[in-house]
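J.: Predicted coordinates and the sequence they were generated for:
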Amino acid sequence: MRDAAPTTIFLKDYKPFGFDVTSVALTFDLNPHATRVKSRIAFAPTSDAEEEIFLHGENLTLISARIDGQPVAPEITDQGLTCKVPATPFVWEAEVEIDPANNTALEGLYMSNGMYCTQCEAEGFRKITYYPDRPDVMSVFTVTINGPHPVLLSNGNPVNASEGRAEWHDPWPKPAYLFALVAGDLVAHSDSFTTRSGQEVDLNLYVRPGDEGKCAFGMQALKDSMKWDEDVYGREYDLDVFNIVAVDDFNMGAMENKGLNIFNSSAVLASPETATDSNFERIEAIIAHEYFHNWTGNRITCRDWFQLCLKEGLTVFRDSQFTSDMRSAPVKRISDVIELRARQFPEDQGPLAHPVRPESFQEINNFYTATVYEKGAEVIGMLRRLVGAEAYSKALDLYFDRHDGQACTIEDWLKVFEDTTGRDLSQFKRWYSQAGTPTVTVKDAWYAGTYILTFTQDLKPSATTADPQPQVIPIVTGLLSPSGEELVPSQVLELTEASQSFTFEGLSERPIPSVLRGFSAPVVLQRDLPEEHTAFLLAHDTDPFNRWEAGRDLARKSLLGMIREGAAPDAKYLDGLRAVFADDSLDPAYRALMLGVPGQSDLARTLHELGEVPDPQAIWDNAEGMGRAQADKLGDLLPGIYDQHQVREPYQPNAEQSGRRSLANAALRLMSLTDGPDRAQAQYDAADNMTQQLTALSVLLRQKAGDDALRAFEQQWSHDRLVMDKWFGLQVMQAEPNQVASTAQRLTEHADFNWKNPNRFRAVIGAMASHHAGFHHESGAAYTLLADWLIKLDPVNPQTTARMCSVFQTWKRYDESRQAKIAAELDRILALPDLSRDTTEMLTRIRG
Ligand code: TYR
C-alpha cells in the first residue's frame with residue numbers, strides 16, 4: 001500500500017547510530033521460495049545508545065529472535081523492528097525466511113535465470129535480514145552459504161569450502177550495502193594480478209555456461225584498472241581474490257560489492273561478433289569504475305546517502321581519467337560533455353533539479369542521477385583545476401590516510417583540500433549545495449594594447465535553491481593571434497563575483513579569445529563576441545575541445561536559424577566542417593565527432609532557453625535537412641574517406657581501430673543520403689564484427705531497405721540476449737517519428753519481449769522515450785504507450801519504473817496540447833492506489 005503521507009528524510013536530521021556492530025555472521029540456506037537467513041550480530045552500545053534498538057527489515061518473515069541466547073519478542077512494522085536491549089554489549093541472533101524467486105524488484109536477494117544474486121545498494125540489505133541498514137554502520141562479515149550449486153560466492157576471502165557449502169570472511173569493515181552473495185551454475189574465466197607490493201590476487205569473471213567467449217576483454221580491463229590505480233593514485237588491492245559476476249537481470253550497470261562486483265551482463269560481456277566499439281569502451285569504463293570504488297566508496301564510504309556524490313562523483317572522475325589515459329583524452333572529454341548536456345542539463349534545469357549533495361529525499365533510489373554522478377565528477381574536475389594537479393594528488397593521499405575505514409561527508413572531503421592548500425573552500429562548496437546550471441556570459445574590449453574579458457554569472461532560482469549566490473567558476477582561457485598563434489597560453493581565470501573582468505596587458509594586436517577550454521566548468525556559456533570568432537576557432541583553436549565546441553556552436557546556430565526562420569544551412573559552418581573533415585592530420589575519431597550536431601532534445605532545450613516553444617517535428621525535419629546539407633558539402637570526399645578508413649587487420653576494440661570505424665561509418669551514413677542503401681547492404685553482408693553489422697543495419701533501416709537484413713539478423717542472433725536487445729532497440733530508434741509508438745507497440749508483442757528484464761524493457765520502451773520527435777509526436781501515442789507500460793511495471797520493479805519517469809521531466813517546454821496530453825498520463829498514473837514510493841516521488845516532482 002502507498003504510505004498515507006510519504007516520509008521525507010532530511011540531511012539536517014542526521015543522527016549517529018547508538019551502537020557499534022563489532023561482528024556479523026550470516027548463514028544462508030538457499031531455497032527459491034524459502035531461503036532461511038540466520039544472523040548473529042554483536043552490538044556494543046555507544047554514548048548515543050538508547051534502551052531500544054531499531055533494525056531495518058522489509059518483506060521478511062521472522063522465525064526467531066534472541067538476545068544473548070534469550071528469546072525476545074520485538075515489535076514489528078513493515079519498515080523493521082524495535083526491541084529493548086541491554087546497556088552492555090550483546091549478541092543479537094535472528095532467523096528469517098525470504099522468497100528470492102518472487103523478488104522481481106531486483107533488490108535484496110533475488111533470482112535470475114536460476115541463479116541467486118543480491119543487490120543491496122542503497123537499501124536492499126534490509127530485505128535480506130534485520131539490520132541497521134545505513135552506510136555509517138561498518139562491520140566485519142563472515143558468511144556461510146549452503147546450497148546445491150557449484151559456485152557459492154560472497155565478499156572477502158574464501159575460508160572453507162566443501163560440496164554444497166562455502167564460507168567467506170571479509171576482514172575489511174563495510175556497510176551492509178556492500179554485502180553480496182551469488183550462487184549458481186556458473187563458469188569462471190580466471191587470471192591473476194600481482195600487486196606492486198607482490199601480493200598475488202586471483203581474478204575470476206563468473207558467467208553462465210555459453211558466455212565464456214565474452215570474458216577476455218573485461219578481464220583485461222580489470223587488470224588495466226588495477227595497474228592504473230596503483231600508478232596514478234597509489235592504491236593497491238587488498239584481498240586474495242577479486243570476483244566479478246555477470247547477471248542478466250539487473251537494474252543498473254554494475255555494483256561495487258567488496259571483492260565481489262556484480263555486473264549487468266551488458267556492462268561486462270563482449271566479443272567482437274556481439275559487441276560494438278562503444279559497448280567495449282563502456283565496459284572498460286564500468287569495470288574501472290567499480291574497481292576504483294574499492295578505495296573511493298568501500299575503504300572510505302559515505303556517512304549517509306546524502307553524501308552519495310562523495311563516492312560516485314569521485315569515482316566517475318577517476319574512471320574518466322582512466323579512459324583518457326587508455327584512449328584519447330580529447331575524444332573522451334567531448335563525449336562526456338555531449339552526455340552531460342543530454343542528461344544532466346535537462347535535470348538541472350527542470351522540476352527534478354537537485355544539488356550535487358541533495359538535502360532531502362523520499363526514495364534514495366531516485367537520486368542515482370546524472371547530477372550526483374556526472375555533475376559530481378565535474379565538481380571534482382573543477383577542484384583539481386583550481387588547486388592544480390600536484391596539490392590534488394597530495395590532498396588525495398591525505399584523504400586516504402586520514403579517512404581509511406571511515407564513513408565520511410563532503411565536509412571531510414573539502415577539508416583535506418583546505419589542509420593541503422591553505423585555501424578557503426567555503427564558496428566552492430556552493431557547487432555541492434546549489435542546484436541549477438549557471439549561465440556565464442562573456443564580453444570583450446580592447447584599448448590600445450590592453451585586452452579585457454568580462455564575465456557575468458547567473459543562476460536561476462530552483463525548487464531547492466531559492467536564492468542562489470555566485471559560485472567559483474574556473475574558466476580556462478587562452479588568447480590567439482589573428483594568425484592562429486597562441487599569444488597567451490591557457491590559464492585558469494577564477495570567476496568568483498557575479499560579474500568580473502580580467503585584463504591582459506602588452507598585446508600588440510587584438511586577440512581572439514578561446515574561453516572555457518576543455519569545458520572547464522559545467523555551465524552554459526553565452527558568447528557576446530563577434531560571429532567570426534567562432535569560425536576562426538573552428539579553424540585554428542589549439543585546444544581540441546574548443547575547436548570541436550566552435551563547430552558545435554556554428555551547427556547549433558545554423559540549426560536554430562533553420563528551425564526559427566527557415567534559413568538555409570549556414571555556409572560558414574559547412575565550409576569550416578569541410579576543412580576539418582578533410583584534414584588527415586586529425587585523429588579519425590575526432591573528425592567523426594566533428595560531424596555530429598546537437599541532439600534534437602538539446603535543441604529543444606536551447607529553444608526553450610530562448611523563450612520559444614520547440615516543435616519536435618520541425619526540429620526533426622531540419623536535423624534531417626542538415627544531414628543532407630553535410631552530405632552535399634562533403635560528398636566528393638566521402639567515398640575516399642570510407643575506403644581509406646576500412647580496417648583490414650583483425651578486429652581490435654582499441655581507440656585507433658574504433659576511431660577509423662567511426663569515421664568510415666559516419667561517411668557511410670552520409671553517403672546513403674545521396675546514394676541510397678547499396679553500400680550499407682554490402683557492408684552488412686561482409687561484416688565480421690558487430691560494429692560494422694549494426695551500423696549497416698541502422699543505415700538500411702533509415703533507408704527503409706532493412707527488412708531482409710532485419711530478418712537475417714534475428715535468425716543469426718536469436719540465441720543471444722544482448723544482441724537481441726540491440727535488434728529490438730534499433731527498430732525503434734530508426735523509425736520515422738510517426739511510426740515510433742507503433743513500432744514499439746508491435747515489438748512489445750514479440751515473443752521475446754521479456755518486459756520484466758530491465759535491459760529488454762529499456763531496449764524498447766526506453767528507445768521510444770529517447771526518440772525525441774517520435775516520443776513527442778503530436779498524436780500523443782507514445783505518451784500513452786509509455787504510461788501503460790509504467791503502470792504495468794511499477795508493481796513488479798519500482799526502481800526501473802521510476803527511472804524511466806524522468807523522460808517526462810522536460811514536459812513543460814512543449815505546447816499546450818502536448819502538455820495537456822502528458823498531464824493526463826501523469827495524472828492517470830498518479831491516481832493508482834498502490835503506486836510505489838519510487839514512482840510517486842518522481843511523478844509528483846515532475847507534475848509540479
Ligand atoms: N554504486 C553503483 C555504481 O557503481 C550503482 C548502483 C546503485 C548499482 C544502485 C545498483 C543499484 O541498485 O555506480
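T.: Perfect, I can see it now.
J.: gap between whatever residue of the stretch 201-350 of the chain ends up closest to the ligand and residue 792?
T.: Closest approach of the stretch 201-350 of the chain to the ligand (CB to the nearest ligand atom) occurs at residue 252, with a separation of 3.6 Å. To be clear about C-beta, it is placed using only N, CA and C from the backbone, and glycine gets the same treatment. For residue 252, the distance to residue 792 (CB to CB, to the nearest Å) stands at 21 Å.
J.: Please apply the same query to residue 605.
T.: As defined by CB to CB, residue 605 lies at a distance of 30 Å from residue 792.
J.: who has more neighbours, those two?
T.: Just comparing residue 605 and residue 792: by other CB atoms under 10 Å the higher neighbour count belongs to residue 605, 22 against 14.
J.: Can you name the helix or strand that the more buried one falls in?
T.: In the assignment (DSSP states H and E), residue 605 maps to helix 600-609.
J.: After that helix, heading C-terminal, what element do we hit next?
T.: Following helix 600-609 toward the C-terminus (DSSP H and E): helix 616-634.
J.: name the helices or strands packed onto that next one?
T.: Judged by 3 or more CB pairs under 8 Å, 6 or more residues apart in numbering; DSSP states H and E, the packing partners of helix 616-634 are helix 544-565, helix 571-582, helix 600-609, helix 655-675, helix 772-775.
J.: who's in contact with the residue of the stretch 301-450 of the chain at minimum distance from the ligand?
T.: Nearest residue of the stretch 301-450 of the chain to the ligand, counting by CB to the nearest ligand atom: residue 368, 5.2 Å away. The contact partners of residue 368, by CB atoms under 8 Å, 6 or more residues apart in numbering, come to 122, 252, 308, 312.
J.: now residue 517
T.: Contacts of residue 517 (CB under 8 Å, 6+ apart): 476-478, 490, 543, 545-546.
J.: And for the residue of the stretch 1-150 of the chain found nearest the ligand, nearest residue in space, chain neighbours not counted?
T.: Nearest to the ligand, among the residues of the stretch 1-150 of the chain, is residue 121, at 4.3 Å (CB to the nearest ligand atom). Spatial nearest neighbour of residue 121, excluding adjacent residues (CB to CB, 6 or more residues apart in numbering): residue 177 at 4.3 Å.
J.: Would you confirm that the one you found contacts residue 119?
T.: No: assessed by CB atoms under 8 Å, residue 177 is found out of contact with residue 119, at 9.4 Å.
J.: Of those two, which one has the most company?
T.: More neighbours surround residue 119 than the other of residue 177 and residue 119, with 26 against 23 (other CB under 10 Å).
J.: How many residues are close by the residue nearest to that one when sequence neighbours are not counted?
T.: Leaving out its chain neighbours, the residue that sits closest to residue 119 by CB to CB, 6+ apart is residue 107, at 5.4 Å. A total of 25 residues lie near residue 107 under the criterion other CB under 10 Å.
J.: got it, and residue 75?
T.: Using other CB under 10 Å, residue 75 has 11 neighbouring residues.
J.: ok, it touching residue 84?
T.: No: the pair residue 75 / residue 84 is not scored as a contact, 9.4 Å apart, by CB under 8 Å.
J.: Now for residue 69, how many residues are close by?
T.: 8.
J.: so how far is residue 104 from the residue nearest to residue 121?
T.: 20 Å.
J.: try residue 649
T.: Counting by CB to CB, the gap from residue 649 to residue 104 is 45 Å.
J.: And those two? Which one has more around it.
T.: residue 104 (15 against 6).
J.: got a pLDDT number for that one?
T.: pLDDT for residue 104: 98.
J.: Over to residue 527?
T.: 89.
J.: Wait, it touches residue 444, no?
T.: No: assessed by CB under 8 Å, residue 527 is found out of contact with residue 444, at 9.3 Å.
J.: So what pairs up with the nearest residue in space to residue 66 that is not next to it in sequence in the strands?
T.: Computed as CB to CB, 6+ apart, the closest residue to residue 66 that is not its neighbour in sequence is residue 93, at 4.6 Å. Beta bridges link residue 93 to residue 40, residue 66, judged by DSSP bridges.
J.: The ligand contacts on the stretch 51-200 of the chain?
T.: Residues of the stretch 51-200 of the chain lying near the ligand by CB under 6 Å from any ligand atom: 119, 121.
J.: Make sure residue 201 is indeed in a strand.
T.: Yes: checked against DSSP: H, G, I helix; E, B strand; the rest coil, residue 201 lies within a strand.
J.: So what's the residue count around it?
T.: Using other CB under 10 Å, the number of residues around residue 201 comes to 19.
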